[in-house]
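J.: quick one: sequence and predicted model below, then my questions.
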Amino acid sequence: MTDHFGQLFNMSYKLYNPKLDMVAVPDFDAGAMENWGLIVYREILMLYRQGVSSAEDKKQVARVVAHELAHQWFGNAVTCSWWSESFLNEGFASFLEIPLVEVARPRWNLGLTFTLSETRVAFDADSYETSLPLYNANVMKHPEIDNMFGRITYQKGAAVLRMIEAFMGKDNFYAALNTYLAERVAAGGMTTYKELLEAFTVKMAALNIPGRKVDFNERFDEWISTSGFPLVTFTAANNVLTMRQERFLLGTVNASSPAAKRAWNIPLTFVVRTATESDADVLARQTEAKPVLWFEKTNATAIYTLPSGYKWILANVRNFGYYRVNYEVSNWDRLIEQLQRAPSAIHVFSRVQLIEDSFSLARKGLLDYSIPIRLIQYLPGAGTVVPAEQEYPPWSAAINGLQYIESMIGDSNNSLKLFAQKVIGRKYSDNFWNSTEVWVEDVNEDYQQLTLRTAIIENACYYDLSTCQAQAVQRLQAWRTANSSTVLIDPHFKDKIFCYGVRGGTLVDYEYLLQQFNLADVHQAKLAILRGLGCSRDRDSITRLLNMTLDFNVVRGQDSSYVLSYASKFPEGHLLTWDFLKTHWHQLPKDKRDSMVTDVCGKFKTTKMLDEVTAFYQSLGTDIAEKQSFLSALARIRSNIEWMTAFAQPVLEALAQGARP
């Protein structure tokens with residue numbers, strides 16, 4: 001991996017250090033640290049034991065190792081001049097993880113998941129007025145520095161860099177980075193984001209490619225120096241396509257506020273399907289994401305002339321741009337028809353984007369929920385006529401969209417459960433529990449298909465598909481009965497077996513799993529067991545699990561946030577976990593309380609809970625280190641309350657319609 005980076009950036013690691021050692025330690029709050037010559041990792045982020053660790057564990061190890069190696073160039077050889085520009089280190093390392101892993105494990109096809117692990121996470125964090133920009137000039141105090149190490153810095157940083165790479169072209173992008181690194185090293189190793197953008201400007205000016213010779217500091221500054229991202233709406237009339245932009249924000253927003261009126265220079269990409277071209281032809285035109293036009297931030301609209309008799313418009317080609325897209329209902333209808341008839345005519349990245357954009361727009365009230373509900377019904381296919389979606393990312397996008405709805409109304413009505421069983425149940429098969437069909441260690445590692453199977457199993461069980469739950473219970477109890485000696489738990493499905501086996505089993509199963517937690521000598525196995533214990537329906541068992549986090553000899557402090565996340569996943573444990581968080585706030589690890597607030601509080605949806613979270617935050621003092629996490633959680637709760645008032649009933653009606661045979 002280091003040799004690959006050395007070649008990629010024309011700068012050998014050995015120019016700076018003769019050695020590179022890596023060490024795993026049991027307790028390490030930072031996860032991993034990119035020290036020159038000695039990278040330190042938490043055990044689960046470096047160590048992998050075949051037969052015990054899962055493919056997901058192996059992927060995570062690979063990504064974290066790649067991240068820390070990327071830091072040898074972006075963070076060590078060249079580093080940000082101050083914490084206000086931390087994305088120059090962390091955003092780059094996050095961006096480079098997947099390309100580097102793909103060099104080591106091309107069979108995993110990890111590039112398919114970039115928008116799931118980076119863009120989606122960034123959008124989620126960046127959809128509120130409380131979000132922070134990539135560059136924040138007001139970073140002086142320690143808590144402000146800590147806030148620069150979150151999803152905006154890592155995931156948005158990676159997503160914006162991906163957009164710039166797509167605009168420039170991959171080879172041009174890396175050539176510019178070579179020059180940038182060499183120049184900054186020669187200047188002492190410190191850098192600013194404006195120096196990075198200037199390096200891009202110089203490179204593209206030298207190439208003189210039409211449409212791409214731009215001043216990057218002028219065109220891309222808002223993407224870095226301001227928070228948020230745009231929504232671009234496409235409307236057509238008389239063969240004229242008109243585009244308008246606005247900031248995408250969830251929750252009630254003062255439309256006249258500067259934050260709401262923000263605008264960006266957007267490199268727009270879109271494909272217009274003509275009346276005569278084939279499915280193969282229109283797919284071929286999606287292979288590149290060249291900008292069709294620039295939407296200038298100073299203009300109210302952008303205009304494009306459409307060909308006569310066009311069929312549909314698809315914007316943000318291959319989902320490279322860091323913006324959401326909306327259309328007229330008629331265009332959504334034609335895109336849905338295309339997916340139902342021949343989904344492969346739309347690139348898989350764009351299939352993901354259509355699903356995620358439609359759910360997000362419906363959540364904001366800009367699109368009727370019937371659109372995303374209708375759209376995702378293409379996924380299980382139509383018998384022998386149209387095959388089921390075979391790629392994992394579109395399924396993940398649909399599951400993610402349904403999860404928010406479930407968090408709002410899942411405990412009050414069966415419509416969502418019936419709809420999910422219809423869509424996911426048609427894809428589920430008991431045979432999915434056989435991982436060897438798609439994963440044989442170092443022989444046939446089809447990560448995408450294995451991940452699709454685990455996602456389908458997880459959600460089939462979550463939405464109470466009886467055949468799935470029966471498999472989980474049977475496998476856990478067979479393991480318990482054999483005393484874990486002759487019956488092995490498939491490592492790729494162990495967390496599903498533990499969770500839904502406990503949830504559908506008995507207290508005997510819970511006690512046995514607790515014993516195995518104490519006996520396990522691989523930390524990844526311990527975490528899978530903790531997740532299973534958190535799935536219990538028994539309140540006393542959940543309380544017992546939460547209390548384990550108070551003894552760091554039982555549950556490591558670095559793992560306590562995982563336990564609270566697991567325990568709050570199901571309705572039985574959510575309020576118990578909130579009460580535990582309030583009661584034991586000062587006993588819990590300080591560096592994990594940010595994520596605890598996000599995981600536990602952000603799902604509340606009532607005025608009562610808004611008042612409770614507000615009162616608790618104020619009781620701690622509003623200048624605490626966790627201030628940004630509380631502000632973000634409160635913004636989410638307000639948005640959830642508004643959603644419940646405006647959309648709960650229409651969503652139930654759309655789901656009921658979609659659940660019909």
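T.: Arrived safely.
J.: how about residue 525: what's its closest non-neighbour residue?
T.: By the measure of CB to CB, 6 or more residues apart in numbering, the closest residue to residue 525 outside its immediate chain neighbours is residue 52, 5.6 Å from it. Where you see a C-beta, it was placed from the backbone N, CA and C, and this is true even at glycine.
J.: hang on, that neighbour packs against residue 524?
T.: Yes. Using CB atoms under 8 Å, residue 52 is in contact with residue 524, at 7.0 Å.
J.: per-residue confidence for residue 142?
T.: pLDDT, residue 142: 84.
J.: and residue 486, by the same measure?
T.: Taking residue 486 on its own, its pLDDT is 65.
J.: and what of the one 4 residues further on?
T.: Residue 490 carries a pLDDT value of 93.
J.: quick one: residues contacting it.
T.: Contact analysis of residue 490 by CB atoms under 8 Å, 6 or more residues apart in numbering lists 433, 435, 475, 497.
J.: of residue 52 and residue 524, which one has the most company?
T.: Using other CB atoms under 10 Å as the criterion, residue 52 and residue 524 rank with residue 524 on top: 25 against 17.
J.: please name the residues that touch the more buried one.
T.: Neighbours of residue 524 in contact, by CB under 8 Å, 6+ apart: 44, 48, 49, 52, 53, 54, 57.
J.: go ahead and confirm residue 172 touches residue 201.
T.: No. Look at residue 172 against residue 201 with CB under 8 Å: they stay out of range, at 11.8 Å.
J.: following the helix or strand residue 122 falls within in sequence, what is the next regular element?
T.: Secondary structure assigned from DSSP states H and E places residue 122 in helix 120-125. Going down the chain from helix 120-125, the next helix or strand is helix 142-147, by DSSP H and E.
J.: pull the residues that contact the next helix or strand after that following helix.
T.: Next in sequence after helix 142-147, counting helices and strands by DSSP H and E, comes helix 151. With CB under 8 Å, 6+ apart as the test, helix 151 has contacts from 121, 122, 124, 125.
J.: mind putting these into CSV with pLDDT and neighbour count?
T.: Formatted as CSV, the contacts of helix 151 follow (pLDDT from 0 to 100; neighbours: other CB atoms under 10 Å):
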residue, pLDDT, neighbour count
121, 97, 19
122, 97, 27
124, 95, 18
125, 94, 21
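J.: for residue 83, state which of the residues you listed is nearest.
T.: residue 125 (18.1 Å; CB to CB).
J.: tell me how many other residues crowd the residue nearest to the closest one when sequence neighbours are not counted.
T.: Of all residues not flanking residue 125 in the chain, residue 151 sits nearest, at 4.0 Å (CB to CB, 6+ apart). Residues within reach of residue 151, counting by other CB under 10 Å, total 20.
J.: likewise for residue 458?
T.: So residue 458, with other CB under 10 Å, has 18 neighbours.
J.: which SS state does the residue lying closest to it once chain neighbours are set aside fall under?
T.: Nearest non-adjacent residue to residue 458, counting by CB to CB, 6+ apart: residue 496, 5.7 Å away. State at residue 496, reduced to three classes by DSSP: H, G, I helix; E, B strand; the rest coil: helix.
J.: so how far is stretch 206-218 from its chain's centroid?
T.: The chain centroid and the centroid of stretch 206-218 are separated by 31 Å, computed with CA atoms, centre = their mean, to the nearest Å.
J.: A helix includes the residue nearest to residue 525, no?
T.: No. Residue 52 is assigned coil when assessed by three-state DSSP, not a helix.
J.: out of everything not next to it in sequence, what's closest to residue 71?
T.: residue 34 (3.5 Å).
J.: would you agree the one you found is in contact with residue 68?
T.: Yes. Counting by CB under 8 Å, residue 68 is a contact partner of residue 34 at 4.6 Å.
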